[in-house]
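> please work out how this folds:
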Amino acid sequence: MGRSRHSDALRAAQMYYLQDLTMDAIARELRTSRSTVSRLLSSARETGLVQVQIRSPFDTGPELESQIRNQYGVDVHVVPVLDTLNEAETLDRVAMQAARTIGPLVDSNAIIGVAWGATLSAVSRHLTRKVTHDSIVVQLNGAGNMQTTGITYASDIMRRFGSAYGARVEQFPVPAFFDHASTKTAMWNERSVQRILDLQARMSIAIFGVGSVDSDYPSHVYAGGYLDEHDLTMLAADDVVGDVATVFFRSDGSSDGITLNERSTGPSHEQLRQVRRRICVVSGASKINGLQGALAAGLATDLILDEASARRLVSFNGHS
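Numbering: from 1, shown residues only. Below you'll find the model as predicted:
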């Protein structure tokens, strides 16, 4: 089979097996016939593309994945999504493939740190059940603000992860941001809080999205009443481009001197970088500034993103 047909077979297999698209839907997206899609899927099976999981037919992987891997030193999964889909549809596709990519990485005795947000909420809805033993899902950052405790929103996400992997769920019932850094310092000395912090310090996997200040599809932290005008002004003054688990960073990945981080309840970047497996899920090319900052900070070991974002990321790096 030629290189071009190999590529077509791979794309069809990803849509069929990982995104649950019908052959008719794939034919429409690829602008070909249903019979051609059937032949591509048969070729994918016969040539070993479809096994336990879908893999690239080339040792170096698809071109975008290879470029991102070389530029940022992360394992990459690019989700094939056409530019004609809107951001909500793209997020659903990415979330579905992310959920299926994450499952095999979760083992018994794991401590899984999960950051709440729109992306992880979508991922949690597509998780498939996998029986593990003595595993724990721990919330990475508080979710309360002036309008809500955030408990329902965050607990729904944590509960879905816990149910999928048969894991005990440990919530973090504190605000996303304290009003005063001194309050955070005092709370961090409480034994009930230290128990959660200890679990976070022993995480084997961290799963998170990236918040971006200028995203077209607003991150929950920017649209959910967590930040007031003064906070947003401070973030702009500090040249912030995004956050992971409500801890902010600049485009070069630096986070020193960002005042709001002193009041944030998320793990510091230093702590996050100690986690062996750090899975970042991103959907929507408008998050490119936030994503580039997160990668520059070395926050991810694994990256799952849509095809348009991958192209933007490669282009972004080439012109930076």
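
> drop to CA atoms for contacts and neighbour counts, all remaining ones
Noted.

> burial measure for M187, as a count.
Per other Cα atoms under 10 Å, the neighbour tally for M187 reads 15.

> I figured it hits V193, correct?
Yes - contact criterion Cα atoms under 8 Å: M187 and V193 qualify, at 6.8 Å.

> which strands and helices sit next to the worst-scoring helix or strand of the chain on mean pLDDT?
Taking mean pLDDT, DSSP states H and E as the measure, the helix or strand of the chain with the lowest value is helix 220-223, at a mean of 71. Packing partners of helix 220-223 (3 or more Cα pairs under 8 Å, 6 or more residues apart in numbering; DSSP states H and E): strand 211-212.

> pLDDT on the strand it packs on, on average?
Regarding strand 211-212, the rounded mean pLDDT is 88.

> ditto for stretch 264-273
96.

> give the buried residues for the helix or strand containing A186.
If you go by DSSP states H and E, A186 is part of helix 181-187. Neighbour counts using 16 or more other Cα atoms under 10 Å place A181, K184 of helix 181-187 among the buried residues.

> again, but for stretch 253-261
So, applying 16+ other Cα under 10 Å, buried residues of stretch 253-261: G253, S254, S255, I258, L260, N261.

> quick check, pLDDT for S219.
Looking at S219, its pLDDT stands at 71.

> and it, what does it touch?
S219 is in contact with G117, A118, G211, S212, V213, counting by Cα atoms under 8 Å, 6 or more residues apart in numbering.

> which ChimeraX command selects the buried ones in those?
The buried residues among these can be selected in ChimeraX (16+ other Cα under 10 Å) with this line:
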select :117,118,211,212,213
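
> return the member of the contacts of S219 nearest to M203.
For the contacts of S219, the minimum distance to M203 (Cα to Cα) is 19.0 Å, reached by G117.

> what about the host helix or strand of L305, average pLDDT?
Element membership for L305 (DSSP H and E) is strand 302-306. Per-region confidence: strand 302-306 scores 96 on mean pLDDT.

> ok, now stretch 176-193?
When pLDDT is averaged along stretch 176-193, the result is 94.

> now do the strands in the protein.
Using DSSP state E, the strands found in the chain span residues 75-79, 111-114, 136-139, 168-170, 205-208, 211-212, 240-244, 247-250, 277-282, 302-306.

> can I get the ones you listed in TSV with distance to L40?
Converted to TSV, the strands of the chain look like this (distance: least, Cα to Cα, whole Å):
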stretch	distance to L40
strand 75-79	18
strand 111-114	37
strand 136-139	39
strand 168-170	42
strand 205-208	33
strand 211-212	37
strand 240-244	39
strand 247-250	44
strand 277-282	28
strand 302-306	22
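
> mean pLDDT lowest where, among the ones you listed?
For these, mean pLDDT drops lowest on strand 211-212, to a mean of 88.

> show me the contact partners of it.
Strand 211-212 is contacted from outside by 218-222, 241-244, 246, 287-291, using Cα under 8 Å, 6+ apart.

> which of these has the largest number of neighbours?
Ranked by neighbour count (other Cα under 10 Å), those have L291 at the top, with 32 neighbours.

> tell me the pLDDT of that residue.
Per-residue confidence at L291 stands at 96 (pLDDT).

> quick one, what contacts it?
V210, S212, G242, V282.

> now do the contacts for the third one.
For G242, the contacting residues are V210, G211, S212, V213, F248, F249, R250, N289, G290, L291, G293, A294, by Cα under 8 Å, 6+ apart.

> what's the answer for F161, then?
Contacts for F161 were tallied using Cα under 8 Å, 6+ apart; they are S124, L127, V137, A167.

> how near is the second one to A95?
It stands for L127. In this view, L127 and A95 are 9 Å apart by Cα to Cα, to the nearest Å.

> and these two? which has more neighbours close in?
Using other Cα under 10 Å as the criterion, L127 and A95 rank with A95 on top: 29 against 22.

> before we move on, back to that, the contacts of L291 into TSV, with extra columns for distance to V37?
Shown next, in TSV, are those (distance: Cα to Cα, whole Å):
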residue	distance to V37
V210	34
S212	37
G242	40
V282	28
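
> what about H77, distance to T90?
From H77 across to T90, the span is 15 Å (Cα to Cα).

> higher neighbour count, these two?
Each of H77 and T90 has its neighbours counted (other Cα under 10 Å); H77 has more, 25 against 22.

> could you check how many residues crowd around the nearest residue to the more buried one once chain neighbours are set aside?
Of all residues beyond its chain neighbours, the one nearest H77 is I304 (4.8 Å), with distances taken as Cα to Cα, 6 or more residues apart in numbering. Neighbourhood size, I304 [other Cα under 10 Å]: 24.

> gap between I304 and V193?
Note on I304: its distance to V193, by Cα to Cα, is 31 Å.

> repeat that for P175.
As judged by Cα to Cα, P175 and V193 stand 12 Å apart.

> over to V50?
According to Cα to Cα, V50 stands 46 Å off from V193.
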